[in-house]
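need coordinates for the following:
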Amino acid sequence: FVLRGEHQRTWINSRGGEWQNVLQFGRTSKLSSSIYQPLDKSHRFFIQPGIHATRSFEDIYIDGDRIARFDLTDVYANFDTGFAIGTRAELRGGIRYGTVDASADTGALSLLGFSDITDAAWTGNFVYDSRDAPFNPTRGMITRIRYLHADDSLGSDVSYEQLEGGIIKAVPLRGNVVYLAAMGGTNLDSDLPSYRQFRLGGPRSFSGFEVAELRGQEYWTASAVYLHKLADLQSLLGQALYGGVRLQAGDMRDRLDGIDDGTIYGAALIVGGRTPLGSLSLTLGATTTDSYQLYLSLGRPIEEGSIIDVFE
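The predicted structure is shown next:
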């Protein structure tokens, strides 16, 4: 579960600055505070300094079996600068500096291979979003690219590069919806530390696997979803219930557990949509690795540790 509260205070100064805060408890707990400060009257250019603390429970799997759980804490400060591209896109870059610590809840700490290290990196992000809603959109597209470059010249204990991108397109079809999605990530020939490895698994990133069951150095995945409208709940508010199917393929390379399954295929049956109680999803997924999972979620989706989290 996750219990989340968000606070935003607008126009804290004459330039239209915003104070943004997040407080979250649950599987992933967060405390975040930042100032979004436009630099010009048109609000095209901006800076955004912030402080963030995240504590999450991380499960480690070997060939589908959970063999350890860790308490992962990531605390950092960041300073971003960027500019808006029209009303739907944004490009930003910045720097972050913080510490990462892992403590074993069950299993051996050596499985993650680190404890209490300094992580400092240059960052870059691009996002384009034309969806009609952040959860269960019926039309529009979102794409995001993010980049991290940790370097000892910044005081970091580790050096690595990480590039990840994804795109989801929602296409209305005679009252129904088709989703087309593709995501991928690379370490750019570096060596990602265990806490920065890419993750797949969960009802949105790869149905049939546990949340973040697959962890590795590089990955790709593509999927297609067809959802048939079952009922209108509140048509004026865009609330409706859908049922359909997802087909997916993907590959996680240089996995943390050392397993190489090659390209994995999956399928899922889905019932969900926007309801008066929030976003609803019931998903039954299976993969060609003989993994099966049933998920039920209501409200904001649980984070899965992949780039798909930032699409919500």
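
in three-state terms, label I95 for me.
Following DSSP: H, G, I helix; E, B strand; the rest coil, the label given to I95 is strand.

count of neighbours near it?
Counted with other C-beta atoms under 10 Å, residues neighbouring I95 total 15. Where C-beta positions appear, they are placed from N, C-alpha and C, glycine not excepted.

that one: what's it in contact with?
N78, F79, A120, A121, W122, T123, L154 (C-beta atoms under 8 Å, 6 or more residues apart in numbering).

buried residues in whatever helix or strand the fourth one lives in?
When elements are assigned from DSSP states H and E, A121 belongs to strand 117-129. The neighbour-count check on strand 117-129 (16 or more other C-beta atoms under 10 Å) flags T118, D119, A120, A121, W122, T123, G124, N125, F126, V127, Y128, D129 as buried.

what of stretch 64-79?
Judged by neighbour count using 16+ other C-beta under 10 Å, the buried positions of stretch 64-79 are A68, F70, L72, T73, D74, Y76, N78.

what bridges to the third one?
With DSSP bridges applied, L72 shows beta-bridge pairing to S56, A102.

shouldn't it be in contact with D105?
No: judged on C-beta atoms under 8 Å, L72 makes no contact with D105 at a distance of 10.1 Å.

overlap of the contact sets of the two?
Residues touching both L72 and D105 (C-beta under 8 Å, 6+ apart): F57.

from E6, how far off is E18?
According to C-beta to C-beta, to the nearest Å, E18 stands 12 Å off from E6.

neighbour count winner among those two?
Under the criterion of other C-beta under 10 Å, the comparison of E18 against E6 puts E18 first, with 17 against 10.

residues touching that one, list them.
E18 neighbours (C-beta under 8 Å, 6+ apart): Q8, R9, T10, W11, I12, I35, Y36, Q37.

repeat that with 10 Å
Contacts of E18 were listed using C-beta atoms under 10 Å, 6 or more residues apart in numbering, and they are Q8, R9, T10, W11, I12, S34, I35, Y36, Q37, P38, F46, Q48.

list buried residues within those residues.
The buried subset of these (16+ other C-beta under 10 Å) comprises S34, I35, Y36, Q37, P38, F46, Q48.

hang on, the earlier thing: pick out whichever of the contacts of I95 sits closest to N187.
Using C-beta to C-beta, A121 comes nearest to N187 of these, at 13.4 Å.
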